[in-house]
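[1] any chance you can model this:
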Amino acid sequence: MSLRAAAFLDRDGTIIEDRHYLRDPAAVRLLPGAADGVRRLNRAGIATVVVTNQSGIARGLLTEADYATAVERLDVLLQEAGARLDAHYHCPHLPELTGACDCRKPGPLLYRRAAGDLELDLSRSWWIGDRVRDVAAATTFGGRGMLVLTGSGREEADTPEGRRWPSAPDLAAAVDLMLAWICPCPTPDYLPPP
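    Model (predicted):
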């Protein structure tokens, strides 16, 4: 059995509007093109995994329960658009308050956990986000990374570190580039989701 490739997606500023310490599930808003990008990853058979830093938990600005209700709302919005995420992983820490950890992006722990849980090949996987820290683990695992210019992406892409990564206007465009790299043939729209 061969291991699947994954798309590791940042959440805030990549899939949804960045609300800074999101507590209210009613404030979850999909960014334009996000559901379409996730849906096309689903159709291509690529595991679609959210990995997000949630330092608001360590700061006491939101709870694990607040985070979980926002996850549920995101899943509902995507489901209504015919898309789904295979898994969600988050780091609740902030090094200045809780000490160093291996789960805070770009640390490797959550990606390794996802690889074990979902039988993923990290070397064939992609990292997509609006900050360099969202994509930097691609280097660690031999995968590929891409910045999106939503959220903080425009500012990040203009930094010396950001200029090292390819960029796309949004998640849908990033998925277009990713799928073209993996398979230069178009994916027929009539194929049902896996």
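
[2] for D170, grab the count of nearby residues.
    21 (other CB atoms under 10 Å). Placement of C-beta: from N, CA and C, glycine included.

[3] please report phi then psi for it.
    The phi/psi pair for D170 (degrees, to the nearest 10) reads phi -160, psi -180.

[4] for H88, same thing?
    According to degrees, to the nearest 10, H88 has phi -130, psi 130.

[5] which parts of the lengthiest helix in the chain are buried?
    Secondary structure assigned by DSSP state H gives helix 64-80 as the longest helix of the chain. Going by neighbour count (16 or more other CB atoms under 10 Å), the buried part of helix 64-80 is D66, Y67, T69, A70, V71, R73, L74, D75, L77, L78.

[6] max pairwise distance over those: which two?
    D66 and L78 (19.1 Å; CB to CB).

[7] for this protein, give me the ranges with low pLDDT.
    Counting by pLDDT under 70, the ranges of the chain that qualify are 1, 183-194.

[8] strands along that one, start to end?
    Secondary structure of the chain (DSSP state E): strands at 6-9, 47-53, 87-91, 126-129, 144-148, 167-168.

[9] possible to save those strands as JSON lines with mean neighbour count and distance to D24?
    Output for the strands of the chain, formatted as JSON lines (neighbours: other CB atoms under 10 Å; distance: least, CB to CB, whole Å):
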{"stretch": "strand 6-9", "mean neighbour count": "28", "distance to D24": "22"}
{"stretch": "strand 47-53", "mean neighbour count": "24", "distance to D24": "17"}
{"stretch": "strand 87-91", "mean neighbour count": "19", "distance to D24": "17"}
{"stretch": "strand 126-129", "mean neighbour count": "28", "distance to D24": "23"}
{"stretch": "strand 144-148", "mean neighbour count": "26", "distance to D24": "24"}
{"stretch": "strand 167-168", "mean neighbour count": "21", "distance to D24": "29"}
